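Trainee: only the shape, not the letters, is given here:
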């Protein structure tokens, strides 16, 4: 068995153009070195029933031995405020904040601190292992501590105030429940002895949701907190809890407020990693490991679910002890992509031998894009980087309690699956939940991603390479472009191509991406969609950080978690998230078909429908027996229609002149409709009794000579290579591709866009 995890790494940037440099950040806990080879990936799926792993080795200067070291991962989000004179005022202090703990019994957790763990100096507000609040002062080798007598409750807002009165030599700690009824009231106050005088240690960062392990402006941190923190305040005087709360209740306290050291407003600069201090000291901080912003605060009252409408209600940040945005590894290899290289899926292959008999073969994936405006082909294949990131390091099969029931079989775990269960510090996918049960809404490429590479899980990346393999097999030249470039550059990224292909599962799309494809199709572009469950979720890309995407699951769609009420808007952009169907852009309006069901039990063939005999599409079915099933074979479940499937639906926008060519509408009891398809529940909802659970093949022309062809199935791509590529799925796809590359118009369809004069006669 091949060991795929003895070496891990990531490439940065994830996407590069010829002439640009890519760096490889590598780590191994067991190996001192490996043999590196740069490859272009033709097929990443090792399934022996298919084409198998297929690579092209161009030969580069970095091919050869590479030294390895163990580079640790340090998950856990927090905020860091560097040391400043305002933080060093000797004597009394007070602090207050609103707190929403989400895993209070998960271990000791620091909430707000100016604490050095190496010398046990400073002050720290924290939860202990019994979920009790503690306020600790440390100086001169001595500790003073006040511990709340009552534990906090999970997922309940409280206000917390702590103070040190050096004049009285006392420390005080108060917690107040914001909803003190039905057993939720944990309110209490405690006092304890404190120092009569104190001078705070310098060179100590102030931290939120963790504490520092050492001095310095960017220290390592520990004791990471799980939960929301809202409106933290610090004062250089000992105030009572009521006075501290009054300052925290005010979203914008006066900067000149006496004794005010810091007052952070997390609703400012929402899309950045900066937290703003409203005090006159301007103690702005930086967020580490991308905690969740645009979180409802303690004052959220349900009047809006969009933070942009009332930012003051979204003054909380949800921190997680397992947040992972940036591994922070040092690079081990660098390589400048030669100007003559083809665009494509690429990887650094790392091979070695270790003490066991298992050979090591690991991969670090990256993409070489076709330069913007400089096409080398009439055809482009779109790499679905948003979807690859959405599923990055998914642990769903193990974590989802009904996975075996959904798949109708026992799970077969790969070494990658086992490794991910043991090493969640890699950061999980947007399908998974954090250790506190809340959903992962961000995913980034600055970390190892073990299911986006050759030999990894076949879903998405592996399936898409079957299309690349097929294009190579038929000798069809093509460029590779990536969807986050389409987001940044819009329709001009698509415009140079006569035809573009989207792959097996282009599920995640931003508004800019949807609009770019819509514009492309309206302006004569031709789009072949060879997948299922595409154009489904509305996402955002980070405005300044490359290869970082965001999804909010909301309360609809086929989802594995739901966000907190009111947290549906994207922190990156302020736009609503959720389904494109719920945002007025059902996939049917763009590609004629839209997601309607999962079918993981097996895959099925299509049956031809009468429109397939329409002479206007004779070019599509040339050489194909229309009396025989289409695609009764394939690597995913034995058929071309399976996994996740899309159907034609005029009520959701399938075009009036669409030709519905074929359907797979007998998907058995394993055909499970998506939740948005179920207005009411009844026993006939599954695929054995529900004709709306199906995969459809559709064609329609668009304006100015454009056209769309859709297959409505993830499994389609994995049927292309059957019988050495000599099969009806391959033939139909090839017929369509050749015709779409032929510039001649599609005859017999009314696709003219009428002018405004023709629609609105002059008054």
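Mentor: Yep, it's here. Since this is a predicted model, take the numbers as computed values, not measurements.
Trainee: quick one: the nearest residue to residue 185 once chain neighbours are set aside from residue 186, how far?
Mentor: In this structure, residue 185 finds its nearest non-sequential neighbour in residue 177, 4.7 Å apart by CB to CB, 6 or more residues apart in numbering. Where C-beta positions appear, they are placed from N, C-alpha and C, glycine not excepted. With distances taken as CB to CB, to the nearest Å, residue 177 is found 5 Å from residue 186.
Trainee: which stretches of the stretch 201-350 of the chain have low pLDDT?
Mentor: Within the stretch 201-350 of the chain, no range satisfies pLDDT under 70.
Trainee: helices of that one, residue ranges please.
Mentor: 241-249 (DSSP state H, counting those that start in this stretch).
Trainee: that older thread, unless I'm mixing things up, the residue nearest to residue 185 is touching residue 156, no?
Mentor: Yes - counting by CB atoms under 8 Å, residue 177 touches residue 156, with 6.7 Å between them.
Trainee: ok, back up a step: neighbours around the residue nearest to residue 185, how many?
Mentor: For residue 177, the count of nearby residues is 18 (other CB atoms under 10 Å).
Trainee: over to the one 10 residues further on?
Mentor: A count of neighbours around residue 187, defined by other CB under 10 Å, yields 15.
Trainee: helices or strands up against the host helix or strand of residue 734?
Mentor: Per DSSP states H and E, residue 734 falls inside helix 728-741. When contacts are defined as 3 or more CB pairs under 8 Å, 6 or more residues apart in numbering; DSSP states H and E, helix 728-741 packs onto strand 499-502, strand 526-529, strand 707-710.
Trainee: quick one: contacts of the next helix or strand after the second one?
Mentor: Once the chain leaves strand 526-529, the next helix or strand it forms, by DSSP H and E, is strand 537-538. Among residues not part of strand 537-538, those counted as contacts by CB atoms under 8 Å, 6 or more residues apart in numbering are 390, 507-511, 551, 557, 575-580, 583.
Trainee: OK, contacts around residue 303?
Mentor: Per CB under 8 Å, 6+ apart, neighbours of residue 303: 310, 313.
Trainee: how does it look with 7 Å?
Mentor: residue 310 (CB atoms under 7 Å, 6 or more residues apart in numbering).
Trainee: residue 309 versus that one, what's the distance?
Mentor: Applying CB to CB, the value for residue 303 to residue 309 is 8 Å.
Trainee: repeat for residue 527
Mentor: 35 Å.
Trainee: these two: who's more crowded?
Mentor: Higher neighbour count among residue 527 and residue 309: residue 527, with 24 against 12, using other CB under 10 Å.
Trainee: who does that one form a beta bridge with?
Mentor: When bridges are called by DSSP bridges, residue 527 pairs up with residue 500, residue 708.
Trainee: average model confidence for the strand or helix carrying residue 95?
Mentor: Assigning secondary structure by DSSP H and E places residue 95 in strand 93-101. Averaging the model's pLDDT scores along strand 93-101 yields 98.
Trainee: ok so, going back, which residues does the helix holding residue 734 contact?
Mentor: With CB under 7 Å, 6+ apart, helix 728-741 has contacts from 378-379, 470, 474, 476, 498-499, 526, 528, 530, 619-624, 630-631, 640, 707, 709, 716, 719-720.
Trainee: Throw together a PyMOL command that grabs the buried residues out of those residues.
Mentor: Those of the contacts of helix 728-741 that count as buried under 16 or more other CB atoms under 10 Å are selected in PyMOL with:
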select buried, resi 378+379+470+476+498+499+526+528+530+620+621+624+630+631+640+707+709+716+719+720
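Trainee: tell me the secondary structure for residue 83?
Mentor: coil (DSSP: H, G, I helix; E, B strand; the rest coil).
Trainee: for it, the count of nearby residues, please.
Mentor: Neighbourhood size, residue 83 [other CB under 10 Å]: 19.
Trainee: list the contacts for it?
Mentor: 202, 203, 204, 205, 217.
Trainee: still on that earlier bit, common neighbours of residue 177 and residue 186, please.
Mentor: Joint contacts of residue 177 and residue 186 (CB under 7 Å, 6+ apart) are residue 158.
Trainee: which stretches of this structure have low pLDDT?
Mentor: If you take pLDDT under 70 as the line, the chain has these spans: 356, 397, 400-407, 751-763.
Trainee: just the helices in it please.
Mentor: Remark: helices assigned in the chain by DSSP state H are 241-249, 385-390, 396-399, 403-407, 415-422, 463-473, 483-489, 511-522, 587-591, 728-741, 756-759.
Trainee: now, of those, which is deepest in the fold?
Mentor: The highest mean neighbour count among the helices of the chain, using mean count of other CB atoms under 10 Å, belongs to helix 385-390: a mean of 26.
Trainee: can you pull out the residues in contact with that helix?
Mentor: Counting by CB under 7 Å, 6+ apart, 14-15, 429-430, 443, 445, 452, 460-461, 482-484, 505-509, 539, 547, 549, 551 sit against helix 385-390.
Trainee: mind checking which of the residues you listed are in strands?
Mentor: Assigned to strands by DSSP state E, the following of the contacts of helix 385-390 qualify: 15, 443, 482, 508, 509, 549.
Trainee: give me the beta-bridge partners of the first one?
Mentor: It stands for residue 15. For residue 15, the beta-bridge partners under DSSP bridges are residue 367.
Trainee: what's the answer for the fourth one, then?
Mentor: Per DSSP bridges, the residues bridged to residue 508 are residue 537.
Trainee: excluding chain neighbours, what is closest to residue 490?
Mentor: In this structure, residue 490 finds its nearest non-sequential neighbour in residue 516, 4.8 Å apart by CB to CB, 6+ apart.
Trainee: the one you found and residue 489 touch, don't they?
Mentor: No - Residue 516 is beyond contact range of residue 489, at 8.1 Å (criterion: CB atoms under 7 Å).
Trainee: which residues does residue 172 bridge with?
Mentor: Beta-bridge partners recorded for residue 172 (DSSP bridges): residue 163, residue 191.
Trainee: now for it: which residues touch it?
Mentor: For residue 172, the contact set (CB under 7 Å, 6+ apart) comprises 146, 162, 163, 189, 191.
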